[in-house]
Each structure stands twice: as structure tokens, then as C-alpha cells.
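Chemist: how does the following fold in three dimensions:
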Amino acid sequence: MEKGFLSLILHAHLPFVRHPEHPYFLEETWLYEAITETYIPLIHVFEGLERDRVPFRLTMSLTPTLISMLQDPLLQERYLRHIDHLIELAGKEIDRTRFQGCFHETALHYYWQFTRSKETFHRFGRDLTKAFKGFQDRGHLEIITCGATHGFLPLINRTEGVMRGQIQTAVGHYEKTMGGRPVGIWLPECGYFPGIDRFLKEAGIRYFITDTHGILHASPRPKFGVFAPIYCPTGVAAFGRDVESSKQVWSAIEGYPGDYDYREFYRDIGFEREWDYIRPYITPDGIRVNTGIKYYRITGDTEDKEPYIRSRALQKAAEHAGNFMFNREKQAEHLFDFMGRKPILVAPYDAELFGHWWYEGPEFLNFLIRKIAFDQKTVRLATPSDYLREYSVNQVSTPSLSSWGWKGYGETWLSGSNDWIYRHLHKATLRMEELSHRFHGQNGNVQRALNQAARELLLAQSSDWAFIMHTGTMVPYAVKRTKEHLVNFLELYDQLTENRLDENWLRQIEEKNNIFPEIKYQVFQ
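Modeler: Numbers count the residues shown, from 1 in each chain. The predicted structure is shown next:
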């Protein structure tokens, strides 16, 4: 007897990084690595499930910044250059390791992975969003949206205009890309504050994802905790993360990705091969970087690592998938008896965990989905909207201010390392609202400048910059991006208010920061 639902939700997001002014830019490789190690492997898993007629329903957020980069011709061309270098390097590794047993097998695996990635990239006309849209059109995926540039809404909430700027711009971009309006949204960083649902309701969004304590601390207290959605006063549904499901994957102590047989992320030939050999495959200025070719398994808490054996790692992925399914079965059985209705176990993860950080992650999902389909009848994969169709009546309650991340209340995005950005963002927000009222109904160059001002503000609001400043990685780049977009915005403001538009300069920043070509500055009114 079916006693519950499992809702796997993958949040696919990267900040908008595009630098046409440089022939090579290190931070652009974030996208290339995610394409090769996460997005294409997930496409291959979904295609295999379709081929074998395995029923599956998953939810996946594709953020507007990620979609914009996946569809950008410049970045598509640069990805092909990137993957060609990897194929060439993997070919050299096959020759170098030909007498080294398991190392040679791993080198062959990488060559196969890279060449297959290139073939898949071409097969979808260089635009991987077509692949994910196809899975949605065929009923396997439910693709939801996010804030336009992943702005952390509880902290940039200075005016109603900025909320609509992030949400309505994202919805409009989704419509243009996916051919319909999104039914749900992944709130950036799961950041919720009471009242945000009003703006979601305006945009036609039916549900959002929040962290566990956002639901548990809701008022009035939800009867079923996070195992059923609650309706905000506006009627928008809130789904909370299930701690047990997440812990088995995320926990550094209990999580599956730390198993000793899985691939070690931090041992890459980009740092280990001799300089003359690896130099053509790292940065042009000689900075050693990860190539994605790694030969060792985690082994244990030691620097002495054992060779990676792919077959053993896949065996563990199958075992862990079975364990995860068994635990969800028992969880659903217990909750069903207690609740008197089928619970929903919401398991949200960063998509990039599967493949990039946890190399065997896509195969874990593959095994899990197949086992759920054929090895049990207790839980069924479902999306949040599937659950709302089956259980349309739910408790009305207001979630509490919350986020995911360190301590759960936004400290990652508001700390001593990054708090300086908000006074500037708030001031720019007020000025954007001023411009949208002052120049109502404009066209021509004035309209172009107003739309570009909206783009620059949205890009400055990205939560990724504050996150990077807090974690201490690539800080100069995050600071530079924040300041650059704010300076561009302020220059546009001055030029507009002083009636001295510089069309040549405007064209340059339009070409560089070309996100959201259909943006309408009036959304900030």
C-alpha cells in the first residue's frame, strides 16, 4: 500500500559570469565544470530512465542566470574549447597510464565521459535547456524558477519594486524559455520573510521551498510539521525540507558522499602532474586549476590515498540508494500511521552536489529512482504540485523568517565580511524606483538605459557575491562584481537625470552584461 511521497528537488544555479572582454576567464570555468560533471550526467540518467521506461517525477529549479549562460553563444563556444582541451588531455592520460592498471581504466573512463559530453552538447544544439524542457514536456520533470539573479530577498527587501524586480523578471524569463509560467519557485538561499508570498501570488506562483525551521516555527504551529505543506494567508503553499532525507546526503559525518570508496575531489592532476605536461591545460597565466581528472578515492582521513576503482564506487552508490530508499519507506510508514494521510518527504539539494562534488551522485539518483519504481510500493516520487493535486486542503499558517545555510537566519549573507554592500544596494534600489516613475513610458536610448540600469541592479543583488565574501573564496572577484554593477548603475542614473546619455558606453555594457534581453524597467515601479 502506498503510504507517502518522496519529492526530490534539485536546485541548479550558478551566478552570471560572462567576460567577453577577456579571451579566457577563470571564473567562467564554474559553468563548464557543472556542464560536464552535473548537467550532462543528469541528462544521461534521465535519458536512460526514459529508454528503459522507468517512471519518475522530479523537481528541478533552473535559475534565470544559469539558463542565460547555457543559452549564450559566446559561453557555448568557449565550452566547446574547454571540452576539446579535456578530451586531448584525457587522450594523453590514456597513453601515459597504459601500463598502470586501474589508473589506465580510470583514464579511459574520463575520455569516454568527455567525448560523450561533447556529443550530447552538440545533440541539443549547444543549448542544454532544451533537454530539460523536453523532460518537463514529457511529464518527468517539474522545472521551477528562482529569483532573477538569486538575490537574498529578506535582505534586499527595501521596496516593493525590488521584490517585483527579482520575481517578475524571473517569471517572464521562464515564460520565454520554457513556454509557460512556473508553478513553483525555489526562494534564493531558501530565504523567506512573512509577506513575500504576496509577491509570489501576484506572479502566479503556487508554491515555494523553504528550510525546516521556517515551517516548524510557523504561526500557528503546523499540525503535520514539514510532512505536509502549509498555505500562507495568500494561498501560496510552503514546502519544508525534511531533515532526515537531507542529512543522509549532506552530513559530513553521516552523509553518503564521504564513503571511502568514492572519488576524492581534492586530488586532481592539475596540481600533481609535472609543469611542462600540464601547462597547456591550466590557465594561460600558469595558475594550476582542477582539470576534472582525478585518480584517487577518499580512502580515509589520510593523505595516503588509494587508487579510485569505478566499479567499486558504483557498487557503493547502489547500496546507498537502497539504504536511502529503505529509510524513506520506514519513515513514510510511521508518518502515515501518525498523520492519517500520506506524508510528503521533501529532499532538496544543490544540483551541483550530484556529479561535481559527489562524482557518483548521478548514478546514486539513477539507482534510487529505479529501486523506487521496481523494488517497493510504499513511497512514490512526486513533485510539490502533484501533492497539492492529491491533497488540496492544507493548514493555513505563516512561515517564520528563515534561510538555509549557517545558523538558518541569513548570517551567511549578513556578516562582518559582507554587510557593507546593503546600504549601497538599498540606495540603488530607491534610485531605481525613482527612475521607473520619473521616466515612465520612455523609448529609444532612454528606455535602453533604464533597462540596463535594471540589469545592473539585479546583478549587484546576487546573493552569490555576499556568499563568496563570507566563505573567503575568490573574495576579490565577488567584491569587484558588486562594485562594478553598482558603479554602472550609478553612472546610468547620473546620465539619465542629467540628460547626457553616452550611447557608445551604454552599448558596451549592454554587450557585456546582456542578461534578460526582454527586461522591462517598469517592473520596479
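
Chemist: S436 touches Y521, doesn't it?
Modeler: Yes. Applying C-beta atoms under 8 Å, one finds S436 in contact with Y521, separated by 5.5 Å. Placement of C-beta: from N, CA and C, glycine included.

Chemist: looking at those two, which is more packed in?
Modeler: Counted by other C-beta atoms under 10 Å, S436 and Y521 do not tie: Y521 has more neighbours, with 24 against 21.

Chemist: give me the phi and psi angles of that one.
Modeler: When read as degrees, to the nearest 10, the backbone of Y521 gives phi -60, psi -20.

Chemist: ok, now Y422?
Modeler: The phi/psi pair for Y422 (degrees, to the nearest 10) is phi -70, psi -30.

Chemist: distance of it from Y266?
Modeler: Separation of Y422 from Y266 (C-beta to C-beta, to the nearest Å): 34 Å.

Chemist: more neighbours: which of those two?
Modeler: Neighbours per residue (other C-beta under 10 Å) separate Y422 from Y266, with Y422 holding more: 18 against 10.

Chemist: isn't the more buried one up against L155?
Modeler: Yes. Assessed by C-beta under 8 Å, Y422 is found in contact with L155 at 6.1 Å.

Chemist: between the two, what contacts are shared?
Modeler: Counting by C-beta atoms under 8 Å, 6 or more residues apart in numbering, the shared contacts of Y422 and L155 are L414.

Chemist: report the distance from stretch 25-45 to the chain centre.
Modeler: The chain centroid and the centroid of stretch 25-45 are separated by 11 Å under C-alpha atoms, centre = their mean, to the nearest Å.

Chemist: from here on, count from 760
Modeler: All set: I'll call the first residue 760, so the last point we hit is now stretch 784-804.

Chemist: for that stretch, buried residues please.
Modeler: 785-804 (16 or more other C-beta atoms under 10 Å).

Chemist: first vs last residue of that stretch, how far apart are they?
Modeler: 30 Å (C-alpha to C-alpha, to the nearest Å).

Chemist: return the subset of the buried residues of stretch 784-804 lying in helices.
Modeler: If you go by DSSP state H, the buried residues of stretch 784-804 have T788, W789, L790, Y791, E792, A793, I799, P800, L801, I802, H803, V804 in helices.

Chemist: got a list of what the first one touches?
Modeler: Neighbouring residues of T788 by C-beta under 8 Å, 6+ apart: H841, V1048.

Chemist: mind checking the SS state of I944?
Modeler: Secondary structure state of I944, per DSSP: H, G, I helix; E, B strand; the rest coil, is strand.

Chemist: hang on, it packs against I903?
Modeler: Yes. Contact criterion C-beta under 8 Å: I944 and I903 qualify, at 5.7 Å.

Chemist: what's the overlap in contacts for these two?
Modeler: Counting by C-beta under 8 Å, 6+ apart, the residues touching both I944 and I903 are S820.

Chemist: average pLDDT across the longest helix seen in the chain?
Modeler: If each helix of the chain is counted by residues according to DSSP H, the longest one is helix 1069-1098. Average pLDDT, helix 1069-1098: 97.

Chemist: where does pLDDT dip in the stretch 910-1059 of the chain?
Modeler: The stretch 910-1059 of the chain contains residues with pLDDT under 70 at 1011.

Chemist: which residue ranges form the strands in it?
Modeler: Assigned by DSSP state E, counting those that start in this stretch, the strands in the stretch 910-1059 of the chain fall at 943-945, 966-969, 989-990, 996-999.
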